[in-house]
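after the sequence you'll find the predicted model.
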Amino acid sequence: MLSGKAIGGGLPLSALTGRAEIMDAPPKSGLGGTFGGNPLSCAASLAAIDVIEKNLGRVEEMNGRIGRRLLEMAERYEVIGDVRGIGLMMAVELVKDRSTREPAKEAASKIVSGCAKKGMVILSAGLHGNVIRLHPSMLMGKETLEKALDILDESIGETPVA
(Lines give C-alpha, C1' and ligand atoms only; values in the text may rest on other atoms or scores of the structure.)
Protein backbone atom coordinates (compact mmCIF):
# COMPACT_ATOMS: atom_id res chain seq x y z
CA MET A 1 0.00 0.00 0.00
CA LEU A 2 1.33 3.42 -0.92
CA SER A 3 0.59 6.34 1.40
CA GLY A 4 1.19 10.03 0.96
CA LYS A 5 -0.09 13.50 1.81
CA ALA A 6 -1.80 13.02 5.19
CA ILE A 7 0.85 10.61 6.46
CA GLY A 8 3.38 13.47 6.49
CA GLY A 9 1.25 15.81 8.56
CA GLY A 10 1.66 18.53 5.94
CA LEU A 11 5.32 17.79 5.19
CA PRO A 12 6.62 15.80 2.21
CA LEU A 13 6.61 12.11 3.06
CA SER A 14 5.45 8.89 1.47
CA ALA A 15 5.35 5.34 2.72
CA LEU A 16 5.23 1.87 1.25
CA THR A 17 3.65 -0.82 3.42
CA GLY A 18 3.40 -4.50 2.64
CA ARG A 19 3.80 -8.07 3.86
CA ALA A 20 7.24 -8.81 5.30
CA GLU A 21 8.14 -11.41 2.66
CA ILE A 22 7.59 -8.82 -0.07
CA MET A 23 9.10 -5.83 1.72
CA ASP A 24 12.20 -7.83 2.74
CA ALA A 25 12.80 -9.23 -0.78
CA PRO A 26 14.65 -6.26 -2.38
CA PRO A 27 18.37 -5.90 -1.58
CA LYS A 28 19.55 -3.31 0.98
CA SER A 29 18.72 0.21 -0.34
CA GLY A 30 16.58 -1.40 -3.07
CA LEU A 31 13.51 0.54 -1.96
CA GLY A 32 13.45 4.29 -1.71
CA GLY A 33 11.83 7.42 -2.96
CA THR A 34 12.06 11.17 -3.10
CA PHE A 35 9.85 11.68 -0.06
CA GLY A 36 11.03 8.80 2.09
CA GLY A 37 12.90 9.04 5.36
CA ASN A 38 13.26 12.77 6.07
CA PRO A 39 13.60 12.97 9.91
CA LEU A 40 11.43 16.08 10.29
CA SER A 41 8.73 14.60 8.05
CA CYS A 42 8.90 11.32 9.98
CA ALA A 43 8.38 13.16 13.29
CA ALA A 44 5.41 15.02 11.77
CA SER A 45 4.07 11.69 10.53
CA LEU A 46 4.14 10.16 13.99
CA ALA A 47 2.20 13.15 15.33
CA ALA A 48 -0.30 12.96 12.43
CA ILE A 49 -0.83 9.22 12.95
CA ASP A 50 -1.49 9.89 16.66
CA VAL A 51 -4.16 12.49 15.79
CA ILE A 52 -5.74 10.13 13.24
CA GLU A 53 -5.85 7.22 15.70
CA LYS A 54 -7.43 9.38 18.41
CA ASN A 55 -10.14 10.68 16.08
CA LEU A 56 -11.11 7.67 13.95
CA GLY A 57 -14.49 7.45 15.67
CA ARG A 58 -15.36 10.88 14.30
CA VAL A 59 -15.02 9.62 10.73
CA GLU A 60 -17.96 7.23 11.02
CA GLU A 61 -20.09 9.85 12.77
CA MET A 62 -19.27 12.54 10.19
CA ASN A 63 -19.75 10.14 7.28
CA GLY A 64 -23.23 9.31 8.58
CA ARG A 65 -24.17 12.97 8.91
CA ILE A 66 -22.79 13.96 5.52
CA GLY A 67 -24.35 10.92 3.85
CA ARG A 68 -27.79 11.62 5.32
CA ARG A 69 -27.68 15.28 4.30
CA LEU A 70 -26.51 14.47 0.76
CA LEU A 71 -29.24 11.83 0.33
CA GLU A 72 -31.83 14.38 1.55
CA MET A 73 -30.52 16.81 -1.07
CA ALA A 74 -30.72 14.08 -3.73
CA GLU A 75 -34.41 13.63 -2.93
CA ARG A 76 -35.05 17.36 -3.42
CA TYR A 77 -32.79 18.14 -6.37
CA GLU A 78 -33.15 16.29 -9.67
CA VAL A 79 -29.65 17.42 -10.65
CA ILE A 80 -28.14 14.95 -8.16
CA GLY A 81 -27.76 11.64 -9.96
CA ASP A 82 -25.69 9.83 -7.36
CA VAL A 83 -24.19 10.20 -3.90
CA ARG A 84 -21.26 7.96 -3.05
CA GLY A 85 -18.14 7.71 -0.99
CA ILE A 86 -16.32 6.09 1.85
CA GLY A 87 -15.16 7.65 5.07
CA LEU A 88 -14.83 11.38 4.55
CA MET A 89 -14.19 11.19 0.81
CA MET A 90 -17.67 11.80 -0.57
CA ALA A 91 -18.95 12.65 -4.04
CA VAL A 92 -22.12 14.12 -5.52
CA GLU A 93 -22.59 13.31 -9.21
CA LEU A 94 -24.60 15.90 -11.10
CA VAL A 95 -26.72 14.97 -14.11
CA LYS A 96 -28.98 16.83 -16.52
CA ASP A 97 -31.47 13.97 -16.48
CA ARG A 98 -31.52 11.03 -14.07
CA SER A 99 -32.87 8.65 -16.69
CA THR A 100 -30.05 9.28 -19.17
CA ARG A 101 -27.43 10.23 -16.55
CA GLU A 102 -26.10 12.87 -18.93
CA PRO A 103 -23.34 14.75 -17.07
CA ALA A 104 -24.19 18.26 -15.84
CA LYS A 105 -20.74 19.86 -16.00
CA GLU A 106 -22.14 23.39 -16.19
CA ALA A 107 -24.22 22.83 -13.05
CA ALA A 108 -21.13 21.56 -11.23
CA SER A 109 -19.23 24.69 -12.23
CA LYS A 110 -22.05 26.96 -11.05
CA ILE A 111 -22.33 25.11 -7.73
CA VAL A 112 -18.57 25.35 -7.14
CA SER A 113 -18.78 29.08 -7.91
CA GLY A 114 -21.88 29.53 -5.72
CA CYS A 115 -20.18 27.85 -2.78
CA ALA A 116 -17.09 30.02 -3.24
CA LYS A 117 -19.22 33.18 -3.14
CA LYS A 118 -20.64 31.94 0.17
CA GLY A 119 -17.15 31.33 1.59
CA MET A 120 -16.66 27.62 0.98
CA VAL A 121 -14.12 26.10 -1.39
CA ILE A 122 -15.13 22.81 -3.04
CA LEU A 123 -13.79 20.99 -6.06
CA SER A 124 -15.35 19.47 -9.10
CA ALA A 125 -13.90 16.26 -10.47
CA GLY A 126 -14.74 13.24 -12.56
CA LEU A 127 -14.20 12.31 -16.16
CA HIS A 128 -16.85 14.83 -17.26
CA GLY A 129 -16.23 17.45 -14.56
CA ASN A 130 -19.72 16.86 -13.15
CA VAL A 131 -18.83 15.50 -9.73
CA ILE A 132 -18.57 17.59 -6.57
CA ARG A 133 -15.88 16.26 -4.26
CA LEU A 134 -16.17 16.60 -0.52
CA HIS A 135 -13.36 15.59 1.81
CA PRO A 136 -13.57 17.55 5.05
CA SER A 137 -11.06 17.28 7.86
CA MET A 138 -11.86 14.67 10.48
CA LEU A 139 -11.25 17.44 13.02
CA MET A 140 -13.95 19.75 11.63
CA GLY A 141 -16.43 20.84 14.28
CA LYS A 142 -20.12 19.93 14.00
CA GLU A 143 -21.21 23.57 13.53
CA THR A 144 -18.71 24.09 10.73
CA LEU A 145 -19.77 20.85 9.05
CA GLU A 146 -23.44 21.84 9.23
CA LYS A 147 -22.67 25.30 7.83
CA ALA A 148 -20.72 23.73 4.96
CA LEU A 149 -23.58 21.35 4.15
CA ASP A 150 -26.05 24.28 4.32
CA ILE A 151 -23.91 26.25 1.85
CA LEU A 152 -23.78 23.28 -0.52
CA ASP A 153 -27.54 22.76 -0.20
CA GLU A 154 -28.24 26.45 -0.93
CA SER A 155 -25.86 26.52 -3.89
CA ILE A 156 -27.41 23.41 -5.45
CA GLY A 157 -30.90 24.87 -4.90
CA GLU A 158 -29.90 28.11 -6.65
CA THR A 159 -28.47 26.32 -9.69
CA PRO A 160 -30.81 25.69 -12.60
CA VAL A 161 -30.09 22.60 -14.67
CA ALA A 162 -29.83 23.39 -18.36
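Yep, it's here. Numbering: from 1, shown residues only.

from here on, just use CA atoms for contacts and neighbour counts.
OK.

where does this protein dip in pLDDT?
The model of the chain has pLDDT under 70 over residues 162.

for it, which segments count as strands?
With DSSP state E as the definition, the chain shows strands at residue ranges 2-3, 15-16, 80-86, 89-97, 102-103, 123-125, 131-134.

same for the last one, what does it pack against?
Right, the one you point to is strand 131-134. Where contact means 3 or more CA pairs under 8 Å, 6 or more residues apart in numbering; DSSP states H and E, strand 131-134 is packed against strand 89-97, helix 105-117, strand 123-125.

how about 7 Å then?
strand 89-97, strand 123-125 (3 or more CA pairs under 7 Å, 6 or more residues apart in numbering; DSSP states H and E).

can you check the second one too?
Based on contacts counted as 3+ CA pairs under 7 Å, 6+ apart, the elements that strand 15-16 packs against are strand 2-3.

excluding chain neighbours, what is closest to the residue nearest the centre of the chain?
For the chain, the residue nearest the mean C-alpha position is H135 (2.6 Å; CA atoms, centre = their mean). The shortest distance from H135 to any non-neighbouring residue, by CA to CA, 6 or more residues apart in numbering, is to M89 (4.6 Å).

what's the burial count for that neighbour?
Here the count is done by other CA atoms under 10 Å, and M89 has 13 residues near it.

do the same with L139
Number of residues near L139 (other CA under 10 Å) recorded here: 14.

about what we covered before: let me have the helices and strands packed on strand 131-134 in TSV, extended by distance to T34.
What follows is the helices and strands packed on strand 131-134, written out as TSV (distance: least, CA to CA, whole Å):
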stretch	distance to T34
strand 89-97	27
strand 123-125	27
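
grab the longest helix from the chain for me.
helix 39-76 (DSSP state H).

in that one, what's buried?
41-42, 44-45, 48, 52, 58-59, 62-63, 66-67, 70-71, 73-74 (16 or more other CA atoms under 10 Å).

just name the closest of those to E154, please.
Nearest to E154 among the buried residues of helix 39-76 is M73, at 9.9 Å by CA to CA.

tell me how far the residue nearest to the centre of the chain lies from D24.
35 Å (CA to CA, to the nearest Å).

repeat for L13
In terms of CA to CA, L13 sits 21 Å off from D24.

those two: who's more crowded?
Ranked by neighbour count (other CA under 10 Å), L13 and D24 place L13 first, with 24 against 12.

OK, contacts around the more buried one?
Residues in contact with L13 (CA atoms under 7 Å, 6 or more residues apart in numbering) are G4, K5, I7, F35, G36, S41.
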